[in-house]
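Enquirer: what would the 3D arrangement of this be:
(3 chains)
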Amino acid sequence: MTEPLLRIRDLRVDVQGAHALAGVDLDVAPGAAVGVVGESGCGKTMTALAVLGLLPPGGRVLGGSMSFAGVDLRTANLESLRGNEIGMVFQDPLTSLNPTMTIGAQVAEPLLLHREVSRREAWRTAEEALGLVGLPQPAERMRSYPHQLSGGMRQRVAIATALVCRPKLLIADEPTTALDVTTQHQILELIDDLRRQLGMALVLVTHDLGVVAERVDEVAVMYAGRVVERARTAELFNHPRHRYTEALLAALPERSARDLRAIPGMPPTLTEELAGCPFAPRCAHTTDQCRDERPALTGDERHAWACFHPAPPVPTTVVTQPVPEPVGEQVLLELDSVSKDFPLATRPLLGGLTGSVSAVAGVSLSIRRGEIFGLVGESGCGKTTVGRLVVGLEQPSSGQIRFDGKDIATLSRAERKPHRRRVQLVFQDSAAAMDPRMRVGAILREPLAIQGIGDRREQRRRVAELLAEVGLPEQAVHRYPHEFSGGQRQRLGLARALALRPDLLVADEPVSALDVSVQAQILNLLRRLRAEHALTYLFVSHDLAVVRHLADTVGVMYLGKLVEVGPVREVYREPRHPYTRLLLDSLPSAGAHRSSTAPGGEPPSAARPPSGCRFRTRCPRAEAVCAEVEPPLTTDGGRQVACHFPG
Amino acid sequence: MTRFLIRRTLQALVVLLLVTVIVFALLHALPGGPARAILGPRASLPQIEQFNHDQGFDQPLPVQYLSYLWHLLGGDLGQSYRLNQPVLDLLAQRIPKTLVLTCSATLLAVAVAVPLGVLQAVRRGRFTDHLLTGLSFLAYATPAFFLGLVLIILFAQTWPLLPAEAPQSAGLGGVFAGFGGLLLPICTLAAGMIAAFSRYLRSSVLDNLTEDYVRTARSKGQSERRVLVRHVLRNALIPVVTLLGMYLPALFGGTVVVESLFNYPGTGLLFWSAAQSSDFPVLLGVTLVVAAATVLGSLLADLVYALLDPRIRTVR
Amino acid sequence: MIAREQIARSFVRNRLAVAGLVVLLLLAAFSWLGPLLWPTDQVHTDLAAATLPPGSPGHPLGTTDLGYDLLGRLMVGGRSSLEVGVAAGLLATLVGTAYGAVSGYFGGWVDAVMMRVTDAVLAIPALFLLIVVAAMVTPSKPLLVLVIGAVAWLSPARLVRGEALSLRSREYVQAMRVMGGGSVRAVLRHIVPNTIGTVAVNATFQIADAILYVAYLSFLGLSVPPPATDWGTMLSGGLTYAQDGYWWLIVPPGVAIVLVVGAFNFIGDGLRDAFEVRLQRRPA
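Expert: Sure thing, here's the model as predicted:
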């Protein structure tokens, strides 16, 4: 191996008393791409920030060494390296640009700081950089402000800023996590291209194993502030040796069969020093040695792991399709050309636009009893509004929602309250959906109290039952929601939704905020609960892999329209709507091989949807008719698709 | 932006109209009604009845309100019975003086509060921060007239550096010639503003320092100082414009106290002496004008804010 | 940990807030318990013993222009200042909270009209309004409370309105609706309890402001009639003499006002931090 460009040895960092990094080793060769992956709190972002000396307040480097191109980073003048030799791209493009500075001024800034150039030259170079990252009309955009650009475009600006001085190393910290899947795909491709074009090294920090697969040369897996495994990418995905990596891959919904191999428990808190392997408490192969002694990275340049009992070097699970649960024929929920218009937000400070936007524009679908219906689409497509309409948080502007054959709009006041018992909602962020002043006991009792079910003693008994059902200890009733971890809070949300013994559960992105290992726990729980309680789910998600894993039927939405519906297995194998195909092609996957069709453009505004087929502006198959006639959702052999030229 | 302008201006007009309703209501809430207020406490009953008839005060209230409004539009704010002059004339003489006082105090306050607030934010949690926090709370808790008096005793009596009385000249030229006499009133008026503004700026800078864009700015290799000046301060200062608008009522209230303490013949002193002699036409006239100034001032502040913040300026 | 304990703990950590609380308790004890230890005649004037300097026998802080013992008078004055301040502050908070809650919960047109009204009243500087109203009537303690309450309700009204508007759309209120709960439950069980922190914090600031208003009003010549007094009246009464060297007529009441207003502000600030901390603290 050549002399590494970036070399980190035994890096230890404290952040406000927590041992955020407990001895990180990492090498990045010139021009190489290294992925740093791990779950939240594992230290991947801290490693990236430590390199540039950008640790948050209360953070300090305790020990170890970092060098960049032979320069000791712990003593170097970091200001002259940042943005010059090392560029950095952050997670949230909406907040990481200065809202009151023009794009041009922000992109040109590193040049003015690090190069002896005139303002005019800097401006011209910045404009070139914007062209390089694929921003349309760069000259005009130079004078724009960040809020005038979409999230994807802003991330391009951030990348241009990081690259404008042609750094030797680009550090990208979750650069696509805040973006939609098609935009994510575009940005990852862009980073790939630029890296090759400019010959720079890349450190890609992410929680998403799919993002690093096939995009980087080498992957480092972090856990509890350490690198626990490092290998060539293909090697790591095919033959993980560390038990944590092995378990993490098995927890990925796209790689496994029916039941995910969830990792029990949670990552350790970093406040106390661990003597042994940090994964020991959650590992199925733990011995006394693991608990007492800290394993060192062993192996060779191609593959190293820090585990006393590594997995045998044989191929792991291959992708198998989940077998759908048998679903009855009886229709439980039916939407009939349901539309929902919202008046356009009249924000007084922004000048109060008028008009309205159809968040949902004529959606028809039916869900059978016992079915899991996955509703997918990118942000702003209306999938969440469909969920809110079904639970009655919004009233449709037109169309009918029938539950068990009855139009819910025609329910009388007296009928409405008992109807509420039958349809419940699980939120993405259960913490926000629970009154922070109430204890868990009161929170779980509230639905029973509202519906007047049982006396206080019976309600208490039911609460205990519910907690047991979702795998939480009975003592949880005395605690407040903010004292629980994300996964535990989703369990609480489920428990509350189940309290009224509903028939239909609407789950709005219930696992999106969770780490992979915890996500697997919740997905398994959802599956078990359906089987035990004969539940039906409307599962709203942006994550196609999760929907493929869990759902029986999938519906794809685009700009308020349902464009394709069908059995999960068939739709994923052979998408018929070009938008579904685009989504599937954009899906980063740690499992199957990725095709590399470059998808174009971004979704237009829902306030001014294109005429005819709403997808035509991005569609490779679009013809004249698509602009004139809106394709209806037509049924063909158990599949439904709304396209003039279905594949 | 245009829509915002129109909307905000309409809002201000509605508020202005409501202000006239309130002042009109106050006029009628007076013991003895408007006749008493305008003729003064010595007027006899027949005089009052005659006056009520002449002025249309025996008409239904809505009619009276409309005629009141009509007079206002013609610039008729009534007549001071004590000074026997139109209220409008009295105001015209005094408003420029009050403006000199308030504008100087505001300028001083901003000039002092901005560096103080930034200093507190940068030294957050350290001794300087705690000291300045404590001081600004104390400044806020001190009644302006008490502070003014302490300043007089210290700087006009113990160490006679400055006059204890503000310039009395009728014209603005005289006021500027005797500007030394305005220094103590200006400081007294500015003290509360400095406390409020520096407090606000401290938290505004702190909030901005935790924003992601600041981390981005650092990642470009800028020095802490440049990050603070080029990025943070720009974003932290824009909302101060709104704060200025919101502080107007307190500022005008302060002029009453300061002008009467230092005997400075502005609108505040006019108002105070009117209160002493129950000169209601002057009281209500000044109130109306000051309220209008407040409404227009905060309208102006919002418009300037909109101009400064590209997020509002560039909305189609 | 219990929530109340958490609030208490983070309040205690704020040293300025604790200092404020201690000062306030001391001042209250001084005003109510003081006269038991230091009984003085605060009804009859004694011109023979007027304007005695501090340290005079029997008058540790000296006497006023009318011969009242200053130390004893501070105690009596403190009582009215605190009474009027607390009563007016609480009245303003009560009225403002109700007004703001209605405006925020109903939203739409009701809200727009109600908020324009507060804008209009707010446009008239409080001091102007106070003086006009006070010029119409002769002040007494209950009247002062009413008048100050009448101008001070605006800030809690706007605050609670904003709070109610945002709480109304919180996910936990939505979750409750999905369970079949109605508006009454939303307001009583979720919205009101969650605004209490904000209201409590604001109430302390309101009390501080009310005490200042009393002082300003008496400076402008509108105060409770003698022999009753309060710190503001004492302070403004001493103003004319202060420039002639009778500094002790203004310094003790002035310092007392600064202390009590400062104390309430420190307490409010500490409370606000404490409430914020509780809601922010989440496991990492």
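Enquirer: what does chain B put close to chain A?
Expert: Near chain A, the residues belonging to chain B are B:1-4, B:7-8, B:211-213, B:215-223, B:231, B:234-235, B:238, B:306, B:308-312, B:314-315 when assessed by CB under 8 Å from any CB of the partner chain. From N, CA and C alone the C-beta is placed, and that goes for glycine too.
Enquirer: run a quick neighbour tally on residue 69.
Expert: I went with chain A, as the question did not name one. 16 (other CB atoms under 10 Å in any protein chain shown).
Enquirer: chain B was what I was after
Expert: 14.
Enquirer: measure it to residue B:51 for me?
Expert: As judged by CB to CB, to the nearest Å, residue B:69 and residue B:51 stand 20 Å apart.
Enquirer: and what of residue B:145?
Expert: 38 Å.
Enquirer: so for those two, which sits in the more crowded spot?
Expert: The residue with more neighbours, out of residue B:145 and residue B:51, is residue B:145; 26 against 17, by other CB under 10 Å.
Enquirer: quickly check: the host helix or strand of the more buried one near chain C or not.
Expert: According to DSSP states H and E, residue B:145 maps onto helix B:144-152. Yes. For helix B:144-152, a contact with chain C is found by CB under 8 Å from any CB, at B:144, B:145, B:146, B:149, B:150, B:152.
Enquirer: contact partners for the nearest residue to the last one once chain neighbours are set aside?
Expert: Nearest-residue entry for residue B:152: residue B:164, 4.8 Å, with adjacent residues in sequence omitted and distances by CB to CB, 6 or more residues apart in numbering or on different chains. By CB atoms under 8 Å, 6 or more residues apart in numbering or on different chains, the contact list for residue B:164 reads B:152, B:156, B:157, B:184, B:262, C:243.
Enquirer: farthest-apart pair in those residues, please.
Expert: Spanning the widest gap among the contacts of residue B:164 are B:157 and B:262, at 14.0 Å by CB to CB.
Enquirer: okay, those two: which has more neighbours?
Expert: Here residue B:157 and residue B:262 are set side by side on neighbour count (other CB under 10 Å), and the busier one is residue B:262, at 27 against 13.
Enquirer: so that one makes contact with residue B:167?
Expert: No. Shown here, residue B:262 and residue B:167 do not form a contact pair, counting by CB atoms under 8 Å, at 9.6 Å.
Enquirer: what do those two both touch?
Expert: residue B:181.
Enquirer: neighbours of residue 153, just the number please.
Expert: With no chain named, the answer covers chain A. 22.
Enquirer: looking at chain C here, not the other one
Expert: Neighbour number of residue C:153 under other CB under 10 Å is 24.
Enquirer: hmm, it is touching residue C:90, no?
Expert: No. Counting by CB under 8 Å, residue C:153 stays clear of residue C:90, with 10.9 Å between them.
Enquirer: first to last residue in stretch A:629-639, what's the distance?
Expert: 21 Å (CA to CA, to the nearest Å).
Enquirer: what comes up buried for it?
Expert: A:630, A:631, A:633, A:639 (16 or more other CB atoms under 10 Å in any protein chain shown).
Enquirer: next one: that stretch to chain centre, how far?
Expert: 30 Å (CA atoms, centre = their mean, to the nearest Å).
Enquirer: which residues touch it?
Expert: A:364, A:562-567, A:570-571, A:576, A:612-614, A:640-644, A:646.
Enquirer: among these, the buried ones, what's the ChimeraX command?
Expert: Applied in ChimeraX, the following selects the buried portion of the contacts of stretch A:629-639 according to 16+ other CB under 10 Å:
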select /A:364,562,563,564,565,566,567,571,576,612,613,614,640,641,642,643,644,646
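Enquirer: among the contacts of stretch A:629-639, name the ones in helices.
Expert: A:570, A:571 (DSSP state H).
Enquirer: pipe the buried residues of stretch A:629-639 into a markdown table and attach pLDDT and secondary structure per row.
Expert: Listed next are the buried residues of stretch A:629-639 as a markdown table, based on pLDDT from 0 to 100; DSSP: H, G, I helix; E, B strand; the rest coil:
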| residue | pLDDT | secondary structure |
| --- | --- | --- |
| A:630 | 91 | coil |
| A:631 | 92 | coil |
| A:633 | 91 | coil |
| A:639 | 91 | strand |
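Enquirer: which one of the residues you listed is nearest residue A:374?
Expert: Proximity of the buried residues of stretch A:629-639 to residue A:374 (CB to CB) peaks at residue A:639, which lies at 14.8 Å.
Enquirer: what's the burial count for the residue in the stretch 51-200 of chain B that chain C sits nearest to?
Expert: With CB to the nearest CB as the measure, residue B:141 is the residue of the stretch 51-200 of chain B nearest to chain C, at 3.6 Å. Neighbour count of residue B:141, defined by other CB under 10 Å: 22.
Enquirer: ok, residue C:177 next?
Expert: The burial count for residue C:177: 19, using other CB under 10 Å.
Enquirer: so it touches residue A:416, yeah?
Expert: No. In this structure, residue C:177 is not within contact of residue A:416 by CB under 8 Å, at 11.0 Å.
Enquirer: give me the common contacts of the two.
Expert: residue A:392.
Enquirer: all set, thanks.
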